[in-house]
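**Q** sequence-free structure coming up:
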């Protein structure tokens, strides 16, 4: 059965941590393709994008261009906000009815998964692959406090190891505003795009 990964986020901007998580998921979960899906607006965040939808889409395209296993999907940018993941998963089920779908998350997102829109339906439609950083214990006392969704959906969730790095889009934006280097924190083509468009106050 074909396995397809779905990796959503604001990607404002996309950075090396995003790419490393997606590549680890592809390898560890044996995914044939990973789709990067920029969100129009997250339902759980008081968040509005700093870059426009088209700019974020363009940056993700530049970030994944040299990986034949990565693709970009604009489905959430074309829907009215907020961007509910369950609706995106339904879209991919229609697109690939025979595929096994895997939602790719970091541990920080897993901690909030129980609050997601129609989470029970979501877990019925897709498996969830969660990147586990080295040294973080997920099998032992207290894990259901950290990740409440494990109390009922643990059979649909699988942890995979990846060498996580401490990096966030907010940190990238703050470095740009402070006039500091973002080289190697984002792909070079993304860095050039940000500079060319003078994004994030650069």
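**A** That came through fine. This one's a predicted model, so the numbers in the text were calculated from it and none came from an experiment.
**Q** SS state for residue 121?
**A** The local conformation at residue 121, judged by DSSP: H, G, I helix; E, B strand; the rest coil, is helix.
**Q** Name all residues that make contact with it.
**A** The contact partners of residue 121, taken as CB atoms under 8 Å, 6 or more residues apart in numbering, are residue 86. No exception for glycine: its C-beta is placed from N, CA and C like everyone else's.
**Q** the strands in the protein, which residues?
**A** 3-9, 33-38, 70-72, 100-106, 127-132, 157-161 (DSSP state E).
**Q** looking at those strands, which is closest to residue 82?
**A** Checking the strands of the chain against residue 82 by CB to CB gives strand 3-9 as the closest, at 12.0 Å.
**Q** I'd like to check the angle between that closest one and strand 127-132, please.
**A** Relative orientation of strand 3-9 and strand 127-132, computed by axes from the mean of the first three to the mean of the last three CA atoms, to 10 degrees: 60 degrees.
**Q** other SSEs contacting strand 3-9?
**A** Contacts defined by 3 or more CB pairs under 8 Å, 6 or more residues apart in numbering; DSSP states H and E place strand 3-9 against helix 16-28, strand 33-38, helix 85-95, strand 100-106.
**Q** strands paired with it, and their directions?
**A** The strands that strand 3-9 pairs with in its sheet are strand 33-38 (parallel), strand 100-106 (parallel) (by DSSP bridges).
**Q** Can you name the residues in contact with stretch 169-180?
**A** Around stretch 169-180, the neighbours that count as contacts under CB under 8 Å, 6+ apart are 10-15, 50, 181-182, 185-186, 194, 199-202.
**Q** I'd like to know which of these are part of helices.
**A** Of the positions in those, residue 194 sit in helices, assigned by DSSP state H.
**Q** hmm, which two among the contacts of stretch 169-180 are most spread apart?
**A** Across the contacts of stretch 169-180, no pair lies farther apart than 10 and 181, at 22.2 Å, counting by CB to CB.
**Q** between those two, who's got more neighbours?
**A** Shown here are residue 10 and residue 181; by other CB atoms under 10 Å, residue 10 has more neighbours (21 against 9).
**Q** Lowest-scoring secondary structure element of the chain by mean pLDDT?
**A** Across the helices and strands of the chain, the lowest-confidence element by mean pLDDT, DSSP states H and E is helix 143-146, at a mean of 63.
**Q** show me the contacts for the closest residue to residue 109 other than its chain neighbours.
**A** Distance criterion CB to CB, 6 or more residues apart in numbering; nearest residue to residue 109, sequence neighbours excluded, is residue 130 at 8.0 Å. By CB under 8 Å, 6+ apart, the contact list for residue 130 reads 105-107, 109-110, 138, 157-160.
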